[in-house]
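Enquirer: Need a 3D model of the following:
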Amino acid sequence: MACHEIAALRLGLMKILGTNDEAERAHELAELGDAACRPGPLASLMAAGDLAALVELYGASLAELGERVARASPDDPKLSYLRTLVVLTKKVEFELRGHIEGLTRMNRELEEVHDLVHEMYPGG
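Expert: Numbering: from 1, shown residues only. Here you go, the predicted model:
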């Protein structure tokens, strides 16, 4: 079992950030295997066009992971791994949200500083 959610998120982030490292891309695609080609949240996440879509699709992939854990048999040898993956992906979700909140705040503050400069130098 692979960390498909993390691999798909990394591919989506690479696209949005403009990262063109083919070795990294190939590594993540190999991690995903045929999951990269199946319709659903993972394939959509890889192709996210903006941060809002990235967050929404990552959330959908986490919901799908949660469903997989709920369907797992108590004696499934992969259950511990899946539960650990839920914790890991949730932590990544918190980090992603925090970074987006920081960028949103920075954008708002840039506007405030820009306004301040115009107040200080009205003719500038």
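
Enquirer: Residue 79 and residue 11, how far apart?
Expert: To residue 11, residue 79 is 27 Å away according to CB to CB, to the nearest Å. In short, each C-beta sits where N, CA and C put it, glycine included.

Enquirer: Show me which of those two is the more surrounded one.
Expert: Counting neighbours by other CB atoms under 10 Å for residue 79 and for residue 11 shows that residue 11 has the greater number, 25 against 13.

Enquirer: what's around residue 43, how many residues?
Expert: Applying other CB under 10 Å, I find that residue 43 has 17 neighbouring residues.

Enquirer: Can you tell me, leaving aside adjacent residues, what's nearest to it?
Expert: Using CB to CB, 6 or more residues apart in numbering and skipping residues adjacent in sequence, the residue nearest residue 43 is residue 36, 6.2 Å away.

Enquirer: Just list the residues touching residue 44, thanks.
Expert: Contact partners of residue 44, counting by CB atoms under 8 Å, 6 or more residues apart in numbering, are 57, 60.

Enquirer: any idea which element residue 103 lies in?
Expert: Taking DSSP states H and E as the criterion, the element that holds residue 103 is helix 79-120.

Enquirer: which ones are touching the residue nearest to residue 43?
Expert: Contacts for residue 36 were tallied using CB under 8 Å, 6+ apart; they are 8, 29, 42-43, 46.
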